[in-house]
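Undergrad: no sequence on this one, just coordinates:
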């Protein structure tokens, strides 16, 4: 959708929790890179584009006491005057850069979701927010792994360089063929699994925090912004 | 020697061969990055510092018909009015950057020469100059491999990012424990061999070219320049 434009992971929650959540993101910038953050009650961040956060995500996920309870088409019934929302970088932006550089991504070729895994890498905690990092995996040749590290290093706002490659057990993944989220993706002869910090991590932190009410985008239904992916490149 | 200052690999040869050698370097910039090149007969390149190329390398290697025949303390007896010399980037510069970033290098810790290997990666030929790429190997953790790719990408003038990591056989190295040049370096549990294009490559090209006379620095006796390593960083 909207090739070339930045899509954001969204987290919306009451002001009482916003400072801790912001600090959680600051302490864990690879899985939780903040691209935009609203003032309490604001339904828009002009930096990201002209939208109303209550209606302009394609779909939302409601969390109650840390559990996802419903998907919603809009969140006007839940939004309060003290709510804050965060726009967090999403892997779609760096995948765009990799594809432009001629690096094929199998899950895209095969029209699947990327494979994602819980790891044993502990995030830095902030208030009630804690948990282990979730990672996404893409199988690449060694040469493309080196190139992807170069390319993704230019995009710290969308997870940056990979955090690991090679043996999945090194980061607590017991079975690479059983992703915790998304779809299994084949790793071929001569390829290695390459792991990036993943935007599912903040959703895990919401589960751990068990706050009464929070809302995120629904999986695969991110906010499409007016920013271009190329605008996020640091170099 | 002279911490922080760029050391150059040196190749000196008659003008008749200089254009082809320059093109060989241009076509193979990772193993043969040109930092300085003289006009015929000039014994200095001011960009690199105040020196006389005939006397100011710590030691020289004489090649006759492609074979190294003698080490020399100075080359005034061989230098001709039509000779050209090239200063080529050396791994010492990126090793300095890696060490400053807290990435330990075992061959330095153990006071050995870096391990170097012939590969099956063919260089682009230019006139009489040809051959396969020579690589240097440093064992690193996965996290340090990722970091080293980032750091070395800033230094294209001194071999740039690694060209391979992992299985040595992928690039035609049959036995990692038997380097073709330098010293064997232990690879510990949890480490992988990481390979960089190496400045021994142009010496191999001199052997292949079999030109009547050429001179290089002797191994480990590079020209120390007035440039600082940090000046070579592109970013």
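TA: Yep, that arrived. Owing to the predicted nature of the structure, the values given are computational and were not obtained by experimental measurement.
Undergrad: For residue A:120, what is the enclosing helix or strand?
TA: strand A:115-122 (DSSP states H and E).
Undergrad: Show me what that strand is in contact with.
TA: A:107, A:130-137, A:163, A:168, A:171-173, A:176, A:179-185, A:195, A:198, A:200, A:204 (CB atoms under 8 Å, 6 or more residues apart in numbering or on different chains). For the C-beta atoms, the positions are set from N, CA and C on the backbone; glycine is no exception.
Undergrad: Now it: average pLDDT?
TA: Mean pLDDT, strand A:115-122: 98.
Undergrad: following it, which helix or strand comes up?
TA: The helix or strand immediately downstream of strand A:115-122 is strand A:132-141, counting by DSSP H and E.
Undergrad: relative to strand A:115-122, how tilted is that following strand?
TA: Between strand A:132-141 and strand A:115-122, the angle comes out at 130 degrees (axes from the mean of the first three to the mean of the last three CA atoms, to 10 degrees).
Undergrad: Point out the other helices and strands that strand A:132-141 packs with.
TA: For strand A:132-141, the packing partners by 3 or more CB pairs under 8 Å, 6 or more residues apart in numbering or on different chains; DSSP states H and E come out as helix A:106-109, strand A:115-122, strand A:191-197, helix A:201-209.
Undergrad: Go again with 7 Å.
TA: strand A:115-122, strand A:191-197, helix A:201-209 (3 or more CB pairs under 7 Å, 6 or more residues apart in numbering or on different chains; DSSP states H and E).
Undergrad: Buried subset of the contacts of strand A:115-122 as a ChimeraX selection?
TA: Typed into ChimeraX, the line below selects the buried ones among the contacts of strand A:115-122, using 16 or more other CB atoms under 10 Å in any protein chain shown:
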select /A:107,130,131,132,133,134,135,136,137,163,168,171,173,176,179,181,182,185,195,198,200,204
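Undergrad: between the helices and strands packed on strand A:132-141, which one is nearest to residue A:147?
TA: Among those, the nearest to residue A:147 by CB to CB is strand A:191-197 (10.9 Å).
Undergrad: Now do that closest one and strand A:132-141, the angle between them.
TA: Going by the same axes, to 10 degrees, strand A:191-197 makes 150 degrees with strand A:132-141.
Undergrad: secondary structure element for the closest residue to residue A:231 other than its chain neighbours?
TA: Sequence neighbours aside, residue A:6 is the residue nearest to residue A:231 in space, at 7.4 Å (criterion: CB to CB, 6 or more residues apart in numbering or on different chains). Applying DSSP H and E as the criterion places residue A:6 in strand A:5-14.
Undergrad: What residues sit buried inside the following helix or strand past that strand?
TA: Once the chain leaves strand A:5-14, the next helix or strand it forms, by DSSP H and E, is helix A:15-27. By neighbour count on 16+ other CB under 10 Å, the buried set for helix A:15-27 is A:17, A:18, A:20, A:21, A:22, A:24, A:25.
Undergrad: Quick one: name the residues of chain A near chain B.
TA: Applying CB under 7 Å from any CB of the partner chain, we find that chain A lies next to chain B at A:142, A:146, A:149, A:150, A:153, A:161, A:162, A:164, A:165, A:166, A:170, A:235.
Undergrad: picking that back up, output the buried residues of helix A:15-27 in CSV; the columns should cover pLDDT.
TA: Shown next, in CSV, are these (pLDDT from 0 to 100):
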residue, pLDDT
A:17, 98
A:18, 97
A:20, 97
A:21, 97
A:22, 96
A:24, 97
A:25, 97
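Undergrad: Redo those residues as TSV? Include distance to residue B:77.
TA: Shown next, in TSV, are those (distance: CB to CB, whole Å):
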residue	distance to residue B:77
A:17	79
A:18	77
A:20	75
A:21	74
A:22	71
A:24	70
A:25	67
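Undergrad: Out of the residues you listed, flag the one nearest to residue B:57.
TA: residue A:25 (53.4 Å).
Undergrad: Taking chain A, what residue is nearest to chain B?
TA: residue A:149 (4.4 Å; CB to the nearest CB).
Undergrad: which SS class is that residue?
TA: helix (DSSP: H, G, I helix; E, B strand; the rest coil).
Undergrad: before we move on, back to that, pull out the buried residues from the strand holding residue A:120.
TA: In strand A:115-122, the ones that count as buried by 16+ other CB under 10 Å are A:115, A:116, A:117, A:118, A:119, A:121.
Undergrad: Also stretch A:142-157?
TA: A:142, A:144-157.
Undergrad: same deal with stretch A:197-208?
TA: So stretch A:197-208, judged by 16+ other CB under 10 Å, has buried residues A:197, A:198, A:199, A:200, A:201, A:202, A:203, A:204, A:205, A:206, A:207, A:208.
Undergrad: cool, and stretch A:95-108?
TA: By neighbour count on 16+ other CB under 10 Å, the buried set for stretch A:95-108 is A:95, A:96, A:97, A:98, A:103, A:105, A:106, A:107.
Undergrad: Count the residues that sit near residue A:196.
TA: 26 (other CB atoms under 10 Å in any protein chain shown).
Undergrad: Verify the stated contact: it with residue A:136.
TA: Yes. The criterion here is CB atoms under 7 Å, and residue A:196 meets it with residue A:136 at 5.1 Å.
Undergrad: Pull up the overlap in contacts between those two.
TA: Common contacts of residue A:196 and residue A:136 (CB atoms under 7 Å, 6 or more residues apart in numbering or on different chains): residue A:91.
Undergrad: quick check: domain ranges of chain A?
TA: Here the domain parsing of chain A from automatic domain parsing is A:5-89+A:210-232, A:91-201.
Undergrad: Now tabulate these in CSV and tack on distance to residue B:224.
TA: As requested, the domains of chain A are exported to CSV (distance: least, CB to CB, whole Å):
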stretch, distance to residue B:224
domain A:5-89+A:210-232, 39
domain A:91-201, 30
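Undergrad: Which residues are in contact with the closest residue to residue A:118 other than its chain neighbours?
TA: Nearest non-adjacent residue to residue A:118, counting by CB to CB, 6+ apart: residue A:180, 4.9 Å away. Residue A:180 makes contact with A:116, A:117, A:118, according to CB under 7 Å, 6+ apart.
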